[in-house]
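In: 3D model of this:
(2 chains)
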Amino acid sequence: MSTYKVKRRDFLKITGLSGASAALAACDMPTTITLEEGEEDVVSYLMPEEYVIPGIGVWYASTCRQCDAACGIIGRVREGRVLKLEGNPQSPINQGALCQIGQAALQVHYNPDRLKQPKIRQGGRLIDASWDEAFDVLKSHIGPDSGIDGSRIAWLSGTVSGHQRVLMDAVSEALGGAGHYAHEILNDTVVDKVNAEVYGSTNIQYKIAEAQVVLSIGADFLSTWGSPVHNSVQYGKFRDAPRGVLIQAEPRMTVTGGSADLWLPVRPGAEGALAMTIAAELVASHGADAKTLPQAVADQLGQYDLASAEEQTGVAADLIEKAADFLATRGPSLVIAGGTAAAHEHGYEAVTAAAMLNVLLGNVGKTIIPVADFPYSALAPKKGDTAQLAAFAKKARAGDISVALITGTNPVYTAPEQLDMVGALNAVKVKIAFAEFIDETSAMADVILPLCSDLESWGTHVASYQTTDAIISLQQPLMEPLYAQTRSLGDVLLAIMKLHNAEQYGPFADYYGYLRNVIAAVPAVAKEGLGDEAYWQAGLQKGMLTVAASAIVSAPLVEAADDAAGNEEAKEMVDNVASEDSFTFALPVYEKDKDFPLRLVPSASSRLGDGRFANLPWLQEAPDAITKIVWNSWVEMHPATALHYGIKQGDIVRVSGEDGSVEAQVYLHKGINKDAIAVPMGQGHTEYGRYASGRGVNPLKMVAVETDSHSGEIALCATRVTVENTGRNEELVKMGGSESQVGRKLVGTITADQLRRV
Amino acid sequence: MTYGLIPEKASQCNSNNVSRFGMVFSLLLLFFAGSAYAQVPNAVAPKGDHDGKHVEQPIEFPHDIHARDNKINCMYCHTYARRGNVAGIPPTSKCMGCHAVIATEKPRIKQLTEYWQKGESPKWKKVHDLPDFVHFNHEKHLNRFIFNNEGMEVERADEVCAFCHGEIKEMTVARKVKPLNMGFCRQCHEDNNGPSDCWKCHK
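Out: Residues are numbered from 1 along each chain as shown, chains lettered A, B, ... in the order given. Sure thing, here's the model as predicted:
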């Protein structure tokens, strides 16, 4: 063999040939993409707009519908197809930026698993039907002649706002008082409740850019909490010189935690104790005036001090001391709480304790500004939560719901097993879903009416977090619907209303006509001197309509606190807030459960959210910001905890609680509290298309239904679990190479002690 | 002698068997040949031929009647050529702009009117195409050879179009008569001082 010499040139010829034959073999698949003349069709415009030039994109403004932050987007449209989304620079919410989830809205739109045809259940299976056939079924159940009792009909939706909400409410009313249950597993009900009671409004503007030190307790405000893109833009300004200091306290490191100067790995459930310890330290060492606090809180400060801090919170005393020092010496400050801090039985107390820090530091009215509610209450968001879902499930199981109208939520996937959503929905006779995809919930429906994608629909939206003036975000279709048998949610709602009230709703040809008409009815004062058409056109160009400047409201507690020394009336107000039942403020002492010593943190990320983005390959393949893992689930553990259980990186472990268990690979890192174990939410779908289903595990299923004592919200991080090694080990699929320098000293390091000696 | 042969000779001059005098002579020849024969000023037409097949189109559009007999400028219909990457097939509304009144009785116009009334555009077959990894911009080429080209009249745009598309005005439906491959492009870029960075076309 060695005698046969292949010349270099021959070798290249052979490889070239085999390459060509491989390419030819690949040509077996049918394609119209060819350079050969006369093979590919090219169709001209029939009658293009003046400004259309093939190959050159035109940008249209719209609103991102991936979450409820209502970021403004602009979409590049070329040859009638939307190709790229960017943030709208004119939007006061995202100010030109757009997150990866927003970018991936294109993959919702062009997703191959989108529903293209209505479906009707026949003989236990969902069979394709025409729109008219499916709508006739809907009509037979909720039409004017259906004879059904309205109280036995229920909407089950996600957070909904704007005129879609107005029409949903109109449908409820037309049906004679149908209930509306909105569900979001990730919600801020607890925070809203605290804000209303402490600051006097649920509508709070957090002025991150104006602070010099930010303490965030549990709120991953840069990626999953509040209005993340808005917060990120603010954060950029906050980090400009003079550089602000970010302190993050949370059980499991999030993107915000990863950006922090000081990261406090608080034990799950001890966030309130941490806030109280910091407050006590501010009073004890930095001269903060405890009199500004309500009596109920001030009384409890004595229970907290640095000496017992580590035992109570899992955070070393010197770190807490440092945090208090930053807060006291680097004003203006801002304390934000939410997310994992609110997800406990005593989440309310934890968020309140954090709010008390704002009171103590005098931040209210400076970096934390309570503003009036949205002026048009009918358009304001109906925010989803879990308490409403639990109420729906209870009513359904009792047999009191005959028809469920489901859209924009997937409780069969997100709700804990204990809520038994499958059982609840099975008890509902007729389930009508308005959906873009078959997910776990719409798979149980009897009729599915396929919706247009968000990039094909008209709509108006009011952000759950109003960041500046009151604005209505306009959602404008960026292209014609891809599928003829789909309708926008607004059009479906309008069609239902036409059944019930032809006189009022009949004149509107479509949802666009309806919207155009209601916007024309906006009072002239709000139109800033523009004529109706000019106001509408300006709205379309900017992607939003400004309806009112936001009015700052005074926080009762703070007004009172200012005068707490003498003013009796003010003192009374403080006491009122403080003495109400809602303000019992009993923080629990941490107790380790012997059988289930760890707490489960189902972690949210700006990849898969609560699971609704799991069908978007861009987000599946985008590495998790902390672990760099792609396309899979994992279990995050502290190395010390892992050592205790004899677990190493990549081991497949079983995490079990009283309500179920999941198995996934272990990712070890120090960015997690030793008593916490984190499993990301978003994977473990059984339906939801080719990219999502059958991948990873869903930790939400095993969440124990413990509720926050004040709001009734499911405490997502309160589940006690244990962990055991299954004995299997696989390599983690993640981006990023080795975390070790393998002794090559690529970056020189010395210990802190050595440095001090230098 | 066609001027098309000259650059080949010029390139041979680089080899050692041609004297320096020969090289200078050839360059002079190129200069005179260029000025004497080239139709488009400040331009050397690309070289190469391709024997493309006849492509059956939904309507046998007669380029010859439009561009040769009636002297309609190419850019009147292919209006996007000077504005964007692609020249574009004219919108059907453009055809009907004239043919609502002109030659309405001819069978091909009747065919066109039928499409128009149905609200459809004919499904033309693509004749000139480039791979997706090649970025070609009509606008830039038209600016170089027509609009920013001193001594060039817009009325003679067809001579520039012919560089790559051949004498379309002598055809009915278009036929690919130039190779439109990389060598064809590169040679022309060299002759006309076009950009030679890889990423100009492959981006």
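In: how does the chain divide into domains?
Out: Since no chain was named, I'll use chain A. Taking automatic domain parsing as the domain assignment, the ranges for chain A are A:67-109, A:119-182+A:377-548, A:190-370, A:598-729.
In: chain B is the one I meant
Out: The record's domain split for chain B, according to automatic domain parsing, is B:3-37, B:63-89+B:124-201.
In: for the record, mean pLDDT for the first one?
Out: Taken as a whole, domain B:3-37 carries a mean pLDDT of 43.
In: tally of neighbours for residue A:112?
Out: For residue A:112, the number of neighbouring residues by other CB atoms under 10 Å in any protein chain shown comes to 10. The C-beta positions use only the backbone N, C-alpha and C, and glycine is treated the same way.
In: return the residues in contact with it.
Out: By CB atoms under 8 Å, 6 or more residues apart in numbering or on different chains, the contact list for residue A:112 reads A:689-690.
In: quick check: it vs chain B, distance?
Out: According to CB to the nearest CB, to the nearest Å, residue A:112 and chain B sit 21 Å apart.
In: need the per-residue pLDDT for that residue.
Out: pLDDT, residue A:112: 95.
In: next, give phi and psi for it.
Out: Torsion angles at residue A:112 (phi, psi; degrees, to the nearest 10) stand at phi -70, psi -20.
In: with residue A:707 instead?
Out: phi -120, psi 150.
In: neighbours of it, how many?
Out: When neighbours are counted by other CB under 10 Å, residue A:707 registers 17.
In: got it, and residue A:158?
Out: 21.
In: for residue A:634, name its beta-bridge partners.
Out: With DSSP bridges applied, residue A:634 shows beta-bridge pairing to residue A:665.
In: now do the same contact list for it.
Out: Residue A:634 neighbours (CB under 8 Å, 6+ apart): A:627, A:664-667, A:679-680, A:732.
In: what's the most distant pair in these?
Out: The most widely separated members of the contacts of residue A:634, counting by CB to CB, are A:679 and A:732 (14.3 Å).
In: quick one, which of these two is more surrounded?
Out: residue A:679 (25 against 17).
In: let's verify that one: helix, strand, or coil?
Out: When classified by DSSP: H, G, I helix; E, B strand; the rest coil, residue A:679 comes out as strand.
In: I am assuming it contacts residue A:605, so please confirm or correct that.
Out: No - at 11.6 Å, residue A:679 does not count as touching residue A:605 under the criterion of CB atoms under 8 Å.
In: so in chain B, where's the weakest helix or strand by average pLDDT?
Out: Ranked by mean pLDDT, DSSP states H and E, the weakest helix or strand in chain B is helix B:6-12, scoring a mean of 39.
In: correction: chain A
Out: Min over SSEs of chain A, mean pLDDT, DSSP H and E: helix A:568-579 (a mean of 45).
In: quick one: average pLDDT of whichever helix or strand comes after it?
Out: As assigned by DSSP states H and E, the chain's next helix or strand after helix A:568-579 is strand A:598-603. For strand A:598-603, mean pLDDT rounds to 93.
In: would you mind writing the CA trace of the helix or strand following strand A:598-603 as CSV?
Out: Next along the chain after strand A:598-603, taking DSSP H and E as the criterion, comes helix A:617-621. Extracted in CSV, the C-alpha atoms of helix A:617-621 (Å, rounded to 0.1, in the frame of the first residue of the first chain):
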residue,chain,number,x,y,z
PRO,A,617,-35.2,26.9,18.3
TRP,A,618,-33.3,30.2,18.6
LEU,A,619,-34.0,30.3,22.3
GLN,A,620,-33.4,26.6,22.8
GLU,A,621,-30.0,26.9,21.2
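In: what comes into contact with helix A:617-621?
Out: A:100-101, A:103-104, A:107, A:607-608, A:613-614, A:630-631, A:691, A:695.
In: widest-spaced pair of these?
Out: Most distant of the contacts of helix A:617-621, by CB to CB, are A:103 and A:695, 21.1 Å apart.
In: who has more neighbours, the two?
Out: residue A:103 (20 against 17).
In: just read off the phi/psi values of the more buried one.
Out: Backbone geometry at residue A:103, expressed as degrees, to the nearest 10, gives phi -60, psi -40.
In: now swap in residue A:109 and tell me
Out: phi -60, psi -50.
In: same question for the one 10 residues further on.
Out: Here the main-chain torsion angles of residue A:119 (degrees, to the nearest 10) amount to phi -130, psi 140.
In: so which bits of stretch A:142-149 are buried?
Out: By neighbour count on 16 or more other CB atoms under 10 Å in any protein chain shown, the buried set for stretch A:142-149 is A:142-143, A:146, A:148.
In: show the end-to-end separation of it, please.
Out: 9 Å (CA to CA, to the nearest Å).
In: for stretch A:186-205, same thing?
Out: Across stretch A:186-205, first to last residue, CA to CA, it's 20 Å.
In: now stretch A:162-173: mean pLDDT?
Out: Mean pLDDT, computed over stretch A:162-173, is 94.
In: now the contacts of residue A:634 as CSV including distance to residue A:371 and pLDDT?
Out: Below are the contacts of residue A:634 laid out as CSV (distance: CB to CB, whole Å; pLDDT from 0 to 100):
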residue, distance to residue A:371, pLDDT
A:627, 38, 91
A:664, 43, 95
A:665, 45, 94
A:666, 45, 95
A:667, 41, 94
A:679, 37, 96
A:680, 34, 95
A:732, 45, 86
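In: now, which of those residues sits nearest residue A:595?
Out: residue A:679 (19.0 Å).
In: next, name the residue at the spatial heart of chain B.
Out: In chain B, the centroid-proximal residue (CA atoms, centre = their mean) is residue B:161; its distance is 2.7 Å.
In: does chain A sit close to the helix or strand harbouring that one?
Out: For residue B:161, the host element (DSSP H and E) is helix B:157-165. No - remark: helix B:157-165 sits outside contact range of chain A, by CB under 8 Å from any CB of the partner chain, the gap being at least 12.3 Å.
In: what packs against that helix?
Out: On a contact count with 3 or more CB pairs under 8 Å, 6 or more residues apart in numbering or on different chains; DSSP states H and E, helix B:157-165 meets helix B:74-77, helix B:138-142.
In: one more time with 6 Å, if that's ok
Out: Contacts defined by 3 or more CB pairs under 6 Å, 6 or more residues apart in numbering or on different chains; DSSP states H and E place helix B:157-165 against helix B:74-77.
In: and the helix or strand just after the helix it packs on, what's its mean pLDDT?
Out: Remark: after helix B:74-77, the chain's next helix or strand is helix B:92-99, criterion DSSP H and E. Average pLDDT, helix B:92-99: 94.
In: next one: stretch A:251-262
Out: On average, stretch A:251-262 scores 94.
In: what residues of it count as buried?
Out: A:251-257, A:259-260, A:262.
In: residue A:337 bridge partners, please.
Out: Residues in a beta bridge with residue A:337, per DSSP bridges, are residue A:217.
In: quick one: distance of stretch A:350-370 to the chain centre.
Out: Averaging C-alpha positions (CA atoms, centre = their mean, to the nearest Å) puts stretch A:350-370 24 Å from its chain's average.
In: with only the CA atoms kept, save it in CSV.
Out: What follows is stretch A:350-370, C-alpha atoms only, in CSV (Å, rounded to 0.1, in the frame of the first residue of the first chain):
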residue,chain,number,x,y,z
ALA,A,350,-40.4,39.7,52.5
VAL,A,351,-41.5,42.2,49.9
THR,A,352,-42.9,44.4,52.6
ALA,A,353,-39.6,44.3,54.5
ALA,A,354,-37.8,45.3,51.3
ALA,A,355,-40.3,48.2,50.9
MET,A,356,-39.5,49.2,54.4
LEU,A,357,-35.9,49.6,53.4
ASN,A,358,-37.0,52.2,50.8
VAL,A,359,-39.0,54.0,53.5
LEU,A,360,-36.1,53.9,55.9
LEU,A,361,-33.7,55.2,53.2
GLY,A,362,-36.1,57.9,52.1
ASN,A,363,-36.3,56.6,48.5
VAL,A,364,-40.0,56.9,48.0
GLY,A,365,-40.8,59.8,45.6
LYS,A,366,-37.1,59.9,44.6
THR,A,367,-36.0,56.6,43.0
ILE,A,368,-39.3,54.8,43.5
ILE,A,369,-42.2,56.8,42.2
PRO,A,370,-45.8,55.7,42.7
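In: appreciated, that's everything.
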